[in-house]
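Participant: with the sequence up front, the predicted model follows.
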Amino acid sequence: MKKQHKIILGVLACMMLVAIALMYKLHWFGAGMKPQHEATRNPDRVAEAISDIHQVTLNPKKESPKEAVQIEFPLYGNTIEDFVPGLYKIAMDTKGLLNNDELEDVVLVLQNKTDSTDLRPTLILLKQPEGGYRLYASSLLAIGAAYINGDYQQYDSEDISIDQKRNLIISTYGSGPVGNRETRYRFIDNELVFTYMETFNAGAGQQTRATYDVLNRKVTVEDINTMKEDMPATVSHGTLPQHPLYFFKELDPTTVFSE
């Protein structure tokens with residue numbers, strides 16, 4: 001075979017290898033591509049997605065949730081440490097303007113020092129004009145336990161914050177079936193109420209994102225098919241049933257919409 005023909009065949013072979021590699025990459029790493037959306041009003045799909053999300057969020061390894069045991073915290077304290085019982089330590093904290101005055105409030109998440117699977121209290125401490133803090137409310141269900149069965153960490157990372165619009169934001173992120181969840185609360189008529197939640201879960205061939213606009217009773221569910229190169233997405237809309245305000249001190253965000 002002539003040298004020129006060998007060179008041409010070599011170039012063609014290289015081009016074929018590059019094309020095969022590119023097709024492989026597009027198939028497995030298509031998550032970076034912009035999905036094509038198809039909007040629809042499908043309340044049945046919304047209900048199905050909510051059920052699926054809560055099934056994996058509640059019990060990613062099928063353990064029974066730990067029983068909530070109410071803890072007595074002081075109603076007033078001069079410092080935030082006054083609200084931390086000896087058995088607990090501060091796991092997370094944030095400061096900001098939360099209620100309707102201009103005094104900087106504090107939110108604490110506590111951790112049992114001897115039991116990593118214990119439910120973690122979240123305390124809302126309102127700064128007082130005369131100094132010190134008043135305990136507005138505590139919740140054992142706002143964020144959940146850090147570990148299950150002592151060695152299984154529920155979340156890869158977590159965060160609490162107070163934004164400039166006076167929203168308390170609690171975020172948890174998990175790479176496994178537990179997924180991601182963000183809940184928001186805001187003071188309305190002197191009560192801290194549940195206003196918004198967003199969840200994200202990824203499984204074999206599909207990603208599902210759900211947003212709950214609680215105050216406006218709107219639910220949006222986006223399903224992304226990651227098995228296809230263009231990653232088509234279907235967006236379904238639904239309406240939450242009429243319900244009185246959900247209060248922070250009474251709410252379990254993992255079950256509030258599961259019924």
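Facilitator: Yep, that arrived.
Participant: which phi and psi does E250 have?
Facilitator: Main-chain dihedrals, E250, degrees, to the nearest 10: phi -120, psi 0.
Participant: one more: I80?
Facilitator: Dihedral angles for I80 - degrees, to the nearest 10 - are phi -70, psi -30.
Participant: what's around the nearest residue to it once chain neighbours are set aside, how many residues?
Facilitator: Excluding the flanking residues, the one nearest I80 by Cβ to Cβ, 6 or more residues apart in numbering is V106, at 5.4 Å. For every residue, glycine as well, the C-beta is placed using N, CA and C. Neighbour count of V106, defined by other Cβ atoms under 10 Å: 19.
Participant: now do I169
Facilitator: For I169, using other Cβ under 10 Å, the count is 18.
Participant: what helix or strand is the residue nearest to Y155 when sequence neighbours are not counted on?
Facilitator: Excluding the flanking residues, the one nearest Y155 by Cβ to Cβ, 6+ apart is T172, at 4.4 Å. Element membership for T172 (DSSP states H and E) is strand 168-173.
Participant: what pLDDT, on average, does that strand get?
Facilitator: In this model, strand 168-173 has a mean pLDDT of 97.
Participant: I'd like the next helix or strand past it.
Facilitator: Heading C-terminal from strand 168-173, the first helix or strand you meet, by DSSP H and E, is strand 180-188.
Participant: which strands and helices sit next to that next one?
Facilitator: Applying 3 or more Cβ pairs under 8 Å, 6 or more residues apart in numbering; DSSP states H and E, one finds that strand 180-188 contacts strand 168-173, strand 191-203.
Participant: what angle do strand 180-188 and the first one make with each other?
Facilitator: What that stands for is strand 168-173. If you take axes from the mean of the first three to the mean of the last three Cα atoms, to 10 degrees, strand 168-173 sits at 170 degrees to strand 180-188.
Participant: C-alpha coordinates for strand 168-173, CSV please?
Facilitator: C-alpha atoms of strand 168-173 as CSV (Å, rounded to 0.1, in the frame of the first residue of the first chain):
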residue,chain,number,x,y,z
LEU,A,168,-34.9,31.6,58.1
ILE,A,169,-33.5,29.1,55.6
ILE,A,170,-32.5,25.6,56.6
SER,A,171,-30.7,23.6,53.9
THR,A,172,-29.5,20.0,53.8
TYR,A,173,-27.6,18.3,50.9
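Participant: now that strand, how far from the centre of its chain.
Facilitator: In terms of Cα atoms, centre = their mean, to the nearest Å, the gap separating the centre of strand 168-173 from the centre of its chain is 6 Å.
Participant: mind listing the strands it pairs with, and their directions?
Facilitator: strand 157-162 (antiparallel), strand 180-188 (antiparallel) (DSSP bridges).
Participant: so for the longest one, mean pLDDT?
Facilitator: If I follow you right, that is strand 180-188. The pLDDT scores in strand 180-188 average 97.
Participant: and it, what's buried?
Facilitator: For strand 180-188, the neighbour count (16 or more other Cβ atoms under 10 Å) marks N180, R181, E182, T183, R184, Y185, R186, F187 as buried.
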